[in-house]
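Asks: No sequence on hand, only this structure:
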């Protein structure tokens, strides 16, 4: 690794938290900025995901079928409207 300007990388004794990192980077937070903790996202239902994937695959199959039909009709000299 090449050191720029003869600087050594800093070694941290511990990991900084979000609040400490913000303070280190920006100083005191303004009153406009609040750090909030969000609840974890709710678990997704596997059945909903599977149904969505099945719907997506059916849609892709319909598109492929439509493209094949269009290419056949164009090969026979018909215009598709």
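Replies: Yep, that arrived. Only a predicted model underlies this, so the values are computations on that prediction, with no experimental measurement involved.
Asks: Below-threshold pLDDT in this protein: ranges please.
Replies: Low-confidence segments of the chain, defined by pLDDT under 70: 1-4, 29, 77-81.
Asks: Residue nearest the middle of it, spatially speaking?
Replies: The central residue of the chain, meaning the one whose C-alpha is nearest the mean C-alpha position (Cα atoms, centre = their mean), is residue 41 at 14.9 Å.
Asks: That one and residue 35, how far apart?
Replies: 19 Å (Cβ to Cβ, to the nearest Å). Placement of C-beta: from N, CA and C, glycine included.
Asks: Equivalent analysis for residue 8, please.
Replies: According to Cβ to Cβ, residue 8 and residue 35 sit 31 Å apart.
Asks: just checking, what packs against the longest helix along the chain?
Replies: In terms of residue count, the longest helix belonging to the chain (DSSP state H) is helix 46-75. Contact here means 3 or more Cβ pairs under 8 Å, 6 or more residues apart in numbering; DSSP states H and E; on that basis helix 46-75 packs against no helix or strand.
Asks: Measure how far it is from the centre of its chain, please.
Replies: 24 Å (Cα atoms, centre = their mean, to the nearest Å).
Asks: mind starting the numbering at 146 from now?
Replies: Shifting the count to begin at 146 puts that one at helix 191-220.
Asks: what comes up buried for that helix?
Replies: By neighbour count, and taking 16 or more other Cβ atoms under 10 Å as the criterion, helix 191-220 has no buried residues at all.
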